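>>> okay, sequence plus prediction incoming.
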Amino acid sequence: MLFALAIWARVENGSVSGAATLLIGALVVGALFVAVLVALFAFRAVLVSRLSKVSQVASGIIIAGVTAPQVLASSDRLGVRKGVIPRAAVLVFDSEGLSIWQGSGVPRPVVSISRSDVISLDTATITSGRISTIGLEVTIIPPDERWPFIMDFTVFDPARIFDAADEEEILALIMSITNAWSN
């Protein structure tokens, strides 16, 4: 933003020609595009790295997801201090229930719910800023509380590098998790 303001000020003073302004503008837009792509590749690489680390030590249905901001803000209801649930989380669904893992460094579970009877899974529309996607909604109904704790995660499709899983893929994931819980 400051760079654009500086260019505008130089054009108004007559120090930079219109053609040079167009060239500089195209370079700035190109640089921003490259920066966004690099950030997306880096974030995806972090997800893949965490997923592979956790899959080496955990068993069950393991998925990588991006935690919705509401979960990070209200995690104290689960008895977890803020900042413990990672933004790029790894979810492990096993025969007992759900655990959320931190995959950086030595992978370890940061939240474990060992009763599958208090967990409900569904799809949900997750909105973050201007972007909305279909994601996995995990509802935990604690036995001593009236209000459920809802956690939303954007789940990435492993076959496509930047795309979130669509509703059919998430429904198939939910079916396989509930089948594992019933066995």
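Right, received. Where do you want to start?

>>> every contact and neighbour count from this point should use C-alpha atoms.
Will do.

>>> for Asp152, give me its contacts.
With contact set as C-alpha atoms under 8 Å, 6 or more residues apart in numbering, Asp152 has these partners: 67-68, 71, 124, 126, 135-138.

>>> ok, and the most crowded of these?
Gly135 (28 neighbours; other C-alpha atoms under 10 Å).

>>> element containing it?
strand 131-140 (DSSP states H and E).

>>> pairing partners for that strand, with directions?
Applying DSSP bridges to the sheet, strand 131-140 is found paired with strand 119-128 (antiparallel), strand 149-155 (antiparallel).

>>> export that strand as PDB, just CAs?
In PDB, the C-alpha atoms belonging to strand 131-140 read as follows (Å, rounded to 0.1, in the frame of the first residue of the first chain):
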ATOM      1  CA  ILE A 131     -14.100 -17.000   1.900                       C
ATOM      2  CA  SER A 132     -16.600 -19.700   2.700                       C
ATOM      3  CA  THR A 133     -16.100 -23.500   2.200                       C
ATOM      4  CA  ILE A 134     -17.800 -26.700   3.200                       C
ATOM      5  CA  GLY A 135     -16.100 -28.300   6.100                       C
ATOM      6  CA  LEU A 136     -16.300 -30.900   8.800                       C
ATOM      7  CA  GLU A 137     -18.300 -29.900  11.900                       C
ATOM      8  CA  VAL A 138     -17.500 -31.800  15.100                       C
ATOM      9  CA  THR A 139     -20.000 -31.300  17.800                       C
ATOM     10  CA  ILE A 140     -19.100 -32.400  21.400                       C
END
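
>>> contacting residues around that strand?
Identification of contacts with strand 131-140 by C-alpha under 8 Å, 6+ apart yields 118-127, 148-155, 164-167, 170.

>>> the residue nearest in space to the middle of the chain bridge partners, please.
The centroid of the chain falls nearest to Val66 when counting by C-alpha atoms, centre = their mean (1.2 Å). Beta-bridge partners of Val66, counted by DSSP bridges, are Ala88, Thr154.
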